[in-house]
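Q: coords below, sequence missing:
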């Protein structure tokens, strides 16, 4: 309730009055009791606990954690609780900076619905294209050394911005042609008898002269994942895989008897609530894979079952904790050279340039990399490796919108096999050809696009409602 300051203060003041010795209460205290009850009622204090629980459940904070202290919670849980605090009390204005970070898809969908129904003023920063398209009525674009506001969501802004920029550039081209013609006339007749015409054309040149167009401050990486050699027809087979973790009351079963055959070229999205087992499954699969796999991941134990990698399989892995796979104390280009000693200096610098590391950026120390920079050099390594299977665990975390769009396009064009964990709706919707949905230790295997999966889930939900 601290998110609603008026309610929080009223509740605390009422508690202080309750704590007084009844014999010391004054008429003023009695009147204040009444005023406080009115404030608490107006601010929804009598349903506050229920309202807070709904917010927390929607943001994937289970009831078992509702009474815990903040210091006992994990980092991602704390962020979600702070978001719930901002939403609580239905404020007149919401300022949200990357609110979908640390949210799974179900929570993002819940937040979208909440914000679409919100009647106040919302200002949001986000790198989630689908989220922006769903909730925004206007988009403010910071580019070309200015801020322009467009009507509609992100895609509407991109279209309008492109059209406006094209008109400006086209108009400048026409003006430059006209200026060239006028300057040619001035050069030919400057010393002749047509001085008055020359003077008028000089004035026309001054009028038409255009200042240089400001350059965009938005950088767009170029990602292209190639395959050195194709894998066999069935690059991966999983048979009765089971994995549990030790818990206080025994063992917490995360994956139970999961079996699947993966065909070459499939693009599989792993979806489900945070903590449902998506990363656990990926780590269970890569234990005996060929490629850049950290020793800690290779030592990852499973309870039972088998994982069989097929003929000519080469795995490229992007771990959720991707920074841990980058050694400290070396330059970016040195680390890439260690990944592929046969690559030339020109090839390495070319890859780094594609990922927005130009010039001396190649000498930047790995200790100083931001989360987004670390992700981009992992992509450089994957482009060097040219694997026929990509296993990507939340690669869109720490990326800006342009980098996410570039990754989305690269994954759509990738000819190999893909296993992908992400909470970005558009990436799943536009890339996945198969869905593994995690829930309560079980994995639903759906062969089809994300749109088809959602349609089937909706129909199943309606059928269950009719039966109930």
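A: Ah, there it is. Here the structure is a predicted model, which means the values were calculated and not measured. Numbering: from 1, shown residues only.
Q: quick one: residue 83 and residue 144, what's the gap?
A: Noted for residue 83: a distance of 32 Å to residue 144, by CB to CB, to the nearest Å. In this view, the C-beta of every residue, glycine as well, is placed from N, C-alpha and C.
Q: For these two, indicate the residue with more neighbours.
A: Of the pair residue 83 and residue 144, residue 83 is the one with more neighbours under other CB atoms under 10 Å, namely 24 against 16.
Q: That one against residue 59, yeah?
A: Yes. If you go by CB atoms under 8 Å, residue 83 and residue 59 touch, sitting 6.2 Å apart.
Q: Now the common contact residues for those two.
A: Residues touching both residue 83 and residue 59 (CB atoms under 8 Å, 6 or more residues apart in numbering): residue 111.
Q: Assign residue 229 to helix, strand or coil.
A: Reduced to three states with DSSP: H, G, I helix; E, B strand; the rest coil, the structure at residue 229 is coil.
Q: okay, now it: neighbour count?
A: A total of 11 residues lie near residue 229 under the criterion other CB under 10 Å.
Q: Check residue 366 too.
A: Using other CB under 10 Å, the number of residues around residue 366 comes to 18.
Q: How about the one 3 residues further on?
A: Counted with other CB under 10 Å, residues neighbouring residue 369 total 17.
Q: Roughly how far does it sit from residue 205?
A: Residue 369 sits 50 Å away from residue 205, taking CB to CB as the criterion.
Q: and residue 58, what is it in contact with?
A: With contact taken as CB under 8 Å, 6+ apart, residue 58 is in contact with 107, 110-111, 114.
Q: Quick check: phi and psi at it.
A: In terms of degrees, to the nearest 10, the main-chain angles of residue 58 are phi -60, psi -30.
Q: Residue 160 sits in which helix or strand?
A: Assigned by DSSP states H and E, residue 160 belongs to helix 154-189.
Q: what do you get for residue 140?
A: Residue 140 is part of strand 138-143 when elements are defined by DSSP H and E.
Q: That strand: partners in the sheet, and parallel or antiparallel?
A: Looking at strand 138-143 with DSSP bridges, its paired strands and their directions are strand 146-151 (antiparallel).
Q: Could you verify my assumption that residue 218 touches residue 143?
A: Yes. Applying CB under 8 Å as the test, residue 218 and residue 143 come out as touching, 5.5 Å apart.
Q: Surely residue 435 is in a strand?
A: Yes. Membership of residue 435 in a strand is supported by three-state DSSP.
Q: Residue 259 contacts residue 239, doesn't it?
A: Yes. Between residue 259 and residue 239 there is a contact under CB under 8 Å: 5.2 Å.
Q: Below-threshold pLDDT in the stretch 101-250 of the chain: ranges please.
A: Low-confidence regions of the stretch 101-250 of the chain, defined by pLDDT under 70, span residues 191-193, 208-214, 247-250.
Q: go on, the stretch 351-468 of the chain?
A: Counting by pLDDT under 70, the stretch 351-468 of the chain contains low-confidence ranges at 461-468.
Q: Please enumerate the strands of the stretch 201-350 of the chain.
A: For the stretch 201-350 of the chain, strands defined by DSSP state E, counting those that start in this stretch occupy the ranges 236-247, 250-262, 267-272, 304-309, 315-318.
Q: CSV for those, including mean neighbour count and distance to residue 282?
A: Putting those into CSV (neighbours: other CB atoms under 10 Å; distance: least, CB to CB, whole Å) gives the following:
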stretch, mean neighbour count, distance to residue 282
strand 236-247, 16, 11
strand 250-262, 16, 11
strand 267-272, 23, 7
strand 304-309, 15, 11
strand 315-318, 25, 8
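Q: between the ones you listed, which gets nearest to residue 226?
A: strand 315-318 (10.8 Å; CB to CB).
Q: how many neighbours does residue 65 have?
A: By other CB under 10 Å, 14 other residues sit near residue 65.
Q: quick one: it and residue 80 touch, right?
A: No. Taking contacts as CB under 8 Å, residue 65 lies outside contact range of residue 80: 10.1 Å.
Q: what residues are shared contacts of these two?
A: Where contact means CB under 8 Å, 6+ apart, the residues bridging residue 65 and residue 80 through contact with each are residue 56.
Q: Show me what counts as buried in the strand holding residue 140.
A: Of the residues in strand 138-143, those scored as buried under the neighbour-count criterion (16 or more other CB atoms under 10 Å) are 139, 141.
Q: repeat for stretch 347-366
A: For stretch 347-366, the neighbour count (16+ other CB under 10 Å) marks 348-349, 351-352, 354-357, 361-362, 364, 366 as buried.
Q: And stretch 189-198, by the same measure?
A: By neighbour count, with 16+ other CB under 10 Å as the criterion, the buried positions of stretch 189-198 are residue 198.
Q: hang on, the earlier thing: which ones among the buried residues of stretch 347-366 lie within helices?
A: With helices taken from DSSP state H, the overlap with those comprises 348-349, 351-352, 354.
Q: List just the nearest of those to residue 252.
A: Nearest to residue 252 among these, with distances taken as CB to CB, is residue 351, at 41.5 Å.
Q: Neighbours of the residue lying closest to that closest one once chain neighbours are set aside, how many?
A: Leaving out its chain neighbours, the residue that sits closest to residue 351 by CB to CB, 6 or more residues apart in numbering is residue 380, at 4.7 Å. With neighbours defined by other CB under 10 Å, the count for residue 380 comes to 23.
Q: tell me what the strand or helix carrying residue 380 is packed against?
A: Element membership of residue 380, judged by DSSP H and E, is helix 371-385. Judged by 3 or more CB pairs under 8 Å, 6 or more residues apart in numbering; DSSP states H and E, helix 371-385 is in contact with strand 315-318, helix 332-339, helix 345-354, helix 401-413.
Q: wait, which of those is closest to residue 271?
A: Evaluated with CB to CB, those place helix 401-413 nearest to residue 271, the distance being 15.4 Å.
Q: Mind listing what's buried along that closest one?
A: The neighbour-count check on helix 401-413 (16+ other CB under 10 Å) flags 401, 403-408, 410-411 as buried.
Q: contacting residues around it?
A: Here helix 401-413 makes contact (CB under 8 Å, 6+ apart) with 127, 129, 154, 218-225, 267, 372, 375-376, 379, 390, 395-396, 399, 418, 420, 424, 426-427, 430-431.
Q: Please check those residues and keep the buried ones.
A: Judged by neighbour count, with 16+ other CB under 10 Å as the criterion, the buried members of these are 127, 129, 154, 221, 223, 225, 267, 375-376, 379, 390, 395-396, 399, 418, 420, 424, 426-427, 430-431.
Q: Just these: which are in helices?
A: Those of the buried ones among the contacts of helix 401-413 mapping onto helices are 129, 154, 375-376, 379, 426-427, 430-431, per DSSP H.
Q: And these, which two are furthest apart?
A: In those, two members sit farther apart than any others by CB to CB. They are 154 and 379, at 22.7 Å.
Q: hmm, who's touching the helix holding residue 380?
A: Applying CB under 8 Å, 6+ apart, the external contacts of helix 371-385 come out as 221, 223-226, 291-292, 314, 316, 318, 322-323, 325-326, 332, 335-336, 339-340, 343, 348, 351-352, 354-357, 364, 366, 369, 390, 395, 397-400, 403, 407.
Q: when you compare where that helix runs with where helix 401-413 runs, what's the angle?
A: For helix 371-385 against helix 401-413, the angle by axes from the mean of the first three to the mean of the last three CA atoms, to 10 degrees is 30 degrees.
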